[in-house]
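A.B. asks: Sequence first, then the predicted structure, then my questions.
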Amino acid sequence: MAQYNTITPEVAAQLHAAVGEGRFFLREEVDPNYSHDEMPIYGKRLPEAAVDVETTEEVSAIMKICAANRIPVTCRGAGTGLVGGCVPLAGGLVLCTKRMNKILEYDMDNLVVRLQPGVLLKDLAADAQKHGLMYPPDPGEKTATVGGNISTNAGGMRAVKYGVTRDYVLALTVVLADGRVIELGKSVSKTSSGYSLLHLMIGSEGTLGIITEMTLKLIPNPVCDVSCLVPFRTVDDCIRFVPKIKLAKLDPQSIEFMDADIVTSSAAFTGNPIFPERVKNEDVGASVLVTFTGYDEEELDQKMIRLGEIAKEAGALDVLVVATSANKKSAWAARSSFLTAIEADTKLIDEMDVVVPVDKIPAFLIYIRALGDEVGIRIRNFGHAGDGNLHIYCCSNELEEDEFKRRVKIIMDRAYTKCAELEGQVSGEHSIGHAKMVYLRESVGEDVFDLMRQIKAVFDPDNILNPGKVCDSSVTM
């Protein structure tokens, strides 16, 4: 087990001096939100202290102090994670990057932007658009920080066309556990220059280093776009339609899946019944929301015509074009509200975000729903149908927490085993934190898991960076 020291008055004075007045908080001064992320079922623990940093130099100074005194450090951004990744399991210090929120510069000749990690995803997206550019990664939580997205390699709704966060990171400034500052990557489109430590840092959840600056690739903003809702009688018919969209070479920007239950919850929560529950006098069992982008209206018209043809062949109830700007905004706002809608009417909740081959989605959903019925847990789901990433939520309003956790463990154990049988992965975009570590270990096997631990030891030999996460089981709740 890891051994750490407490923050003495002398160490507290050093940390305070590193950031100045108003940005160091000790014990009862610490914001209670710094004890957890957005999925409180994975536990809460208040750190001994917290700092709100503003510069790379401050982060370096703080890490030197903590390394010299063996103080564990948990880095956090907006705290929107869903796997307990920013819960300070070992106490110690929480280092928050939310004040590092500056977009530093655009390089319009090379289509890149340089920024700090505390910039919110929604702010980067809006600012890039003002420059006629798009930052393609589009995770559902728009109030997440971009640094947090990089730390978890977030995916989102546009991954089917554009890829995930990793595909847009060109360079990072990183502070290591001992306070050294390193530069990884360059503003170039390709490289074959040794081991890619840049890509090792992406998705490492603050366990290998603290990201303090990023250089990201952008693309020209598409001139026009259109969204189409394709409703089906059954979930199975709906999901089987997804590969047909790809095989038709329609190149969609996103293909989002929603079943009738989540549509009803979203409408009740938002007061926005944008997604119909009945079409042509038939109940809608599930729908896909498909978005196309292009550089002229004729291109989009042809895609919509072809979509209509294959939807009819697949047994769709209709193809509903979300035509106006207001309706498009309303539709995607409703889609983005799905998790919030579940949280609003659920007392106890746990989640998984498995990713399986697209053609295996029906098999997994059928299995998980039957499993929920068997165990006595309500299963609610939605997801990114285009890339096989499913968000599965175990919900209850009746059970006591201990009984809920007992039943959910049965579901999780069997669901991740089924995911492995279907050649899937533990997480598509939410990452591992401490909540999914046991399932990662089972999924990758002992040899790979041990290599991960050895990599962690090279970067952080004293295990002070976000201990208890990803592959480190030395610290638990």
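C.D. replies: Great, that's in hand.

A.B. asks: Would you mind listing where the protein has pLDDT under the threshold?
C.D. replies: The model of the chain has pLDDT under 70 over residues 1-2.

A.B. asks: domain parsing for it?
C.D. replies: For the chain, automatic domain parsing gives the domain ranges 9-99, 103-220, 224-339, 346-435.

A.B. asks: And these: which comes nearest Arg453?
C.D. replies: The closest of the domains of the chain to Arg453 is domain 103-220. By CB to CB, the value is 10.4 Å. Every C-beta, even on glycine, is put in place using the N, C-alpha and C of the backbone.

A.B. asks: what's the first-to-last distance across that closest one?
C.D. replies: Its first and final residues considered, domain 103-220 spans 18 Å by CA to CA, to the nearest Å.

A.B. asks: Next, work out how far apart Glu57 and Gly209 are.
C.D. replies: Using CB to CB, to the nearest Å, Glu57 is found at 15 Å from Gly209.

A.B. asks: If you count surrounding residues, which of these two has more?
C.D. replies: The residue with more neighbours, out of Glu57 and Gly209, is Gly209; 27 against 13, by other CB atoms under 10 Å.

A.B. asks: How many residues are close by the nearest residue to that one once chain neighbours are set aside?
C.D. replies: Excluding the flanking residues, the one nearest Gly209 by CB to CB, 6 or more residues apart in numbering is Val174, at 4.0 Å. When neighbours are counted by other CB under 10 Å, Val174 registers 23.

A.B. asks: measure stretch 38-50 end to end?
C.D. replies: Counting by CA to CA, you get 18 Å between the two ends of stretch 38-50.

A.B. asks: for it, which positions count as buried?
C.D. replies: For stretch 38-50, burial by neighbour count (16 or more other CB atoms under 10 Å) applies to Glu38, Met39, Ile41, Tyr42, Gly43, Arg45, Leu46, Pro47, Glu48, Ala49, Ala50.

A.B. asks: Stretch 362-377 now?
C.D. replies: The neighbour-count check on stretch 362-377 (16+ other CB under 10 Å) flags Pro362, Ala363, Phe364, Leu365, Tyr367, Ile368, Arg369, Leu371, Gly372, Val375, Ile377 as buried.

A.B. asks: cool, stretch 228-238 as well?
C.D. replies: The neighbour-count check on stretch 228-238 (16+ other CB under 10 Å) flags Cys228, Leu229, Val230, Pro231, Phe232, Arg233, Val235, Asp236, Asp237, Cys238 as buried.

A.B. asks: Keep only those of those that are in strands.
C.D. replies: Secondary structure defined by DSSP state E assigns Cys228, Leu229, Val230, Pro231, Phe232 of the buried residues of stretch 228-238 to strands.

A.B. asks: do you know how far the first one is from Tyr295?
C.D. replies: Taking CB to CB as the measure, Cys228 falls 18 Å from Tyr295.

A.B. asks: What ranges does the stretch 151-300 of the chain have for its helices?
C.D. replies: 159-162, 197-201, 235-247, 260-270, 297-313 (DSSP state H, counting those that start in this stretch).

A.B. asks: from those, which stretch is densest packed?
C.D. replies: Of all these, helix 159-162 carries the top mean neighbour count, a mean of 22, counting by mean count of other CB atoms under 10 Å.

A.B. asks: one step back: so which of the domains of the chain is nearest Leu465?
C.D. replies: Taking CB to CB, domain 103-220 is the member of those nearest to Leu465, at 5.0 Å.

A.B. asks: Distance from the closest one to the middle of the chain?
C.D. replies: Taking CA atoms, centre = their mean, to the nearest Å, the mean C-alpha location of domain 103-220 is offset from the chain mean by 14 Å.

A.B. asks: What residues of the longest helix belonging to the chain count as buried?
C.D. replies: In terms of residue count, the longest helix belonging to the chain (DSSP state H) is helix 401-421. By 16+ other CB under 10 Å, the buried positions in helix 401-421 come out as Phe404, Arg407, Val408, Ile411, Met412, Ala415, Tyr416, Lys418, Cys419, Ala420.

A.B. asks: thinking Thr173 is in contact with Arg180, fair?
C.D. replies: No: using CB atoms under 8 Å, Thr173 is not in contact with Arg180; the gap is 11.4 Å.

A.B. asks: and the two? which has more neighbours close in?
C.D. replies: Remark: of Thr173 and Arg180, Thr173 carries more neighbours, 21 against 13, as counted by other CB under 10 Å.

A.B. asks: Just grab the bridge partners of the more buried one for me.
C.D. replies: Assessed by DSSP bridges, Thr173 has beta-bridge partners Glu183, Glu213.

A.B. asks: And the furthest pair within the buried residues of stretch 38-50?
C.D. replies: Across these (CB to CB), the longest gap, 25.6 Å, separates Ile41 and Ala49.

A.B. asks: And for Asp13, the neighbour number?
C.D. replies: Wrong residue type there; residue 13 is Ala, not Asp. 11.

A.B. asks: swap in the one 10 residues further on?
C.D. replies: Neighbours of Arg23 under the rule other CB under 10 Å: 17.

A.B. asks: for it, what are its contacts?
C.D. replies: Arg23 is in contact with Val51, Asp52, Val53, Glu54, Arg99, counting by CB atoms under 8 Å, 6 or more residues apart in numbering.

A.B. asks: how does it look with 7 Å?
C.D. replies: Shown in contact with Arg23 (CB atoms under 7 Å, 6 or more residues apart in numbering): Val51, Asp52.

A.B. asks: Please tell me how far it sits from Val319.
C.D. replies: Separation of Arg23 from Val319 (CB to CB) stands at 53 Å.

A.B. asks: Kindly report the same for Lys186.
C.D. replies: Using CB to CB, we find Lys186 at a distance of 45 Å from Val319.

A.B. asks: returning to that earlier point: next, format the domains of the chain as CSV and append distance to Phe449.
C.D. replies: Converted to CSV, the domains of the chain look like this (distance: least, CB to CB, whole Å):
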stretch, distance to Phe449
domain 9-99, 17
domain 103-220, 14
domain 224-339, 29
domain 346-435, 11
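
A.B. asks: who wins for proximity to Met477 among the ones you listed?
C.D. replies: Across the domains of the chain, closest to Met477 is domain 9-99 (CB to CB), at 4.4 Å.

A.B. asks: Check the burial of Glu105 by counting its neighbours.
C.D. replies: Neighbour count of Glu105, defined by other CB under 10 Å: 11.

A.B. asks: what sits against it?
C.D. replies: Arg114.
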